[in-house]
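> Structure, please.
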Amino acid sequence: MYQGEPLVKGKRVTGFTNGEEAAMKLTEVVPFLVEDELKRIGGLCEKAADWAPFALLDGGVVTGQNPASSTTAAKALVELLAARKAAWPLKVRRQTRPRPSCRNIDSSCGHANVDRRAGLRVFSDLAMATRLRSS
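Take a look at the predicted model:
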């Protein structure tokens, strides 16, 4: 759920198809069919031929149709992360001593820098930056 709505609502998505479930004789075993469930909750379900690699990227949501889609989905994720990195150039630097301005986490950790101008909290030990509201 995102803001009270299913994450995939209105997004182009893919997943294990009903045909692939039937080929594996799982239609009576699994609690629901992925393709049917994606459609039910508002996803714009797309698919390729059964067992073909197929992945979609829509609005930050990456989905793959089946195990053969792992590489395709991973490439889509890398593409998404590269695009976000290019759009959000932020240098992550390692802090060597605690800063008093680090009020939102344990200030004795020494792993966070707070940039109040940008409204960002940077965790260099995770090697990632997370956009947060200014506190």
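> for the longest helix seen in the chain, packing partners?
When the chain is scanned for its longest helix (criterion: DSSP state H), the result is helix 70-87. Helices and strands touching helix 70-87, by 3 or more CB pairs under 8 Å, 6 or more residues apart in numbering; DSSP states H and E, are strand 55-58, strand 61-64. Just so you know, the C-beta spots here come from the backbone N, C-alpha and C atoms, and that holds for glycine as well.
> The residue nearest to residue 9 when sequence neighbours are not counted and residue 58: what is the separation?
Closest residue to residue 9 in three dimensions, ignoring its sequence neighbours and counting by CB to CB, 6 or more residues apart in numbering: residue 42, at 3.5 Å. The span separating residue 42 from residue 58 equals 13 Å under the rule CB to CB, to the nearest Å.
> so residue 61 touches residue 11, yeah?
Yes. Counting by CB atoms under 8 Å, residue 11 is a contact partner of residue 61 at 5.2 Å.
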